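Colleague: Sequence and predicted structure are below.
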Amino acid sequence: MILKTHPDNPPLRHIRRAIEALEAGELIAYATDTIYGLGCDVFNKSGIERALALKGYSKYHALSFLCADLSDISRFARVDTPAYKILKRCLPGPYTFILPATREAPKILLTKQQTVGLRVPDHPVCRMLLKELGRPVLSTSVTDRNGEALTDPEEIEAVWHHEIAVILDSGVLSPEPSTVVDLTDSSNPVVLRLGKGDPALIG
C-alpha cells in the first residue's frame with residue numbers, strides 16, 4: 001500500500017496506518033534525510049526476522065535503528081561526555097553512530113561486541129512516526145533484490161509489494177546513504193562509511 005505522504009507536513013492518518021502495520025509485526029518503508037528506510041518495531045521479533053529475510057541477512061547481521069532524540073539514544077546506548085558533544089553537533093542529521101549498548105537495547109540488534117547503531121534523522125516523516133509510535137524503528141536501506149538502493153516509492157512497490165505493508169511515499173530521494181561513525185572509543189571517532197553529512201562535525 002502506497003500512501004502519498006508530504007515530506008514536510010505528513011498526514012497523521014498515514015503515520016497511524018504505518019504504526020498499525022508496525023504493531024502487527026509488518027514492514028514499512030519511509031523517507032529519511034538520506035534514503036528510504038525499511039522499518040519495523042525493534043521490539044517485535046517477527047518484524048525483525050522479516051526485515052532480515054527481505055534483505056537476505058543472517059540473524060547475526062548488525063542493523064541500526066531510529067531514535068526520537070538524544071535522550072532516547074541515552075536509553076539504548078552508553079554516551080560519555082565526548083560522545084555526547086559529537087552527537088549534539090550532528091543530530092538530528094544524516095549520521096549513524098555505533099555506540100556501546102545498554103541493557104535496554106534490543107538483544108537481536110546487538111553486535112558481538114555489544115554495540116548498537118543509532119540514528120536521529122532530520123526528516124518530518126520519520127520524526128512524526130517515532131513520536132506517535134513511542135518506540136524506536138528499525139533503520140536499514142530499502143534495496144532491490146541485488147542490493148541496490150531503491151529511491152522511488154513506485155519501484156519499492158513494484159519489487160516488494162508482497163513484503164512491505166505500507167510505503168510512506170514522500171517522493172524520489174537521493175541515493176546518498178548516512179555517514180557511519182564508530183563512537184565506541186569517543187576520544188577516537190572513526191568514520192566507517194562516508195555518506196551524506198559533514199565529516200568535519202565529527203571532530
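Modeller: Noted; the coordinates are in hand.

Colleague: For the protein, just list every one of the helices.
Modeller: Secondary structure of the chain, counting by DSSP state H: helices at 12-23, 45-55, 70-76, 81-90, 124-133, 153-160.

Colleague: Could you point out which of these sits nearest residue 184?
Modeller: Taking CB to CB, helix 81-90 is the member of those nearest to residue 184, at 9.0 Å. Glycine gets a C-beta too; all of them are placed from N, C-alpha and C.

Colleague: I'd like the average pLDDT over the closest one.
Modeller: Helix 81-90 carries an average pLDDT of 96.

Colleague: buried set for that helix?
Modeller: The neighbour-count check on helix 81-90 (16 or more other CB atoms under 10 Å) flags 83, 86, 87, 90 as buried.

Colleague: Check stretch 99-114 too.
Modeller: Taking 16+ other CB under 10 Å as the neighbour-count basis, stretch 99-114 is seen to contain the buried residues 99, 100, 101, 105, 106, 109, 110.

Colleague: Strands along the chain, start to end?
Modeller: 2-4, 27-30, 37-39, 64-66, 95-100, 115-119, 137-141, 164-169, 179-182, 190-193 (DSSP state E).

Colleague: Distance of residue 23 relative to residue 75?
Modeller: Residue 23 sits at a distance of 20 Å from residue 75 (criterion: CB to CB, to the nearest Å).

Colleague: Then residue 39?
Modeller: Summarising the geometry, the distance separating residue 39 from residue 75, computed by CB to CB, is 19 Å.

Colleague: if you count what's nearby, which of those two comes out ahead?
Modeller: Set side by side, residue 39 and residue 75 give different neighbour counts by other CB atoms under 10 Å, the larger being at residue 39 (32 against 13).

Colleague: check contacts around that one.
Modeller: Residues counted as contacts of residue 39 (CB atoms under 8 Å, 6 or more residues apart in numbering) are 22, 27, 28, 29, 30, 51, 66, 129, 137, 138, 139.
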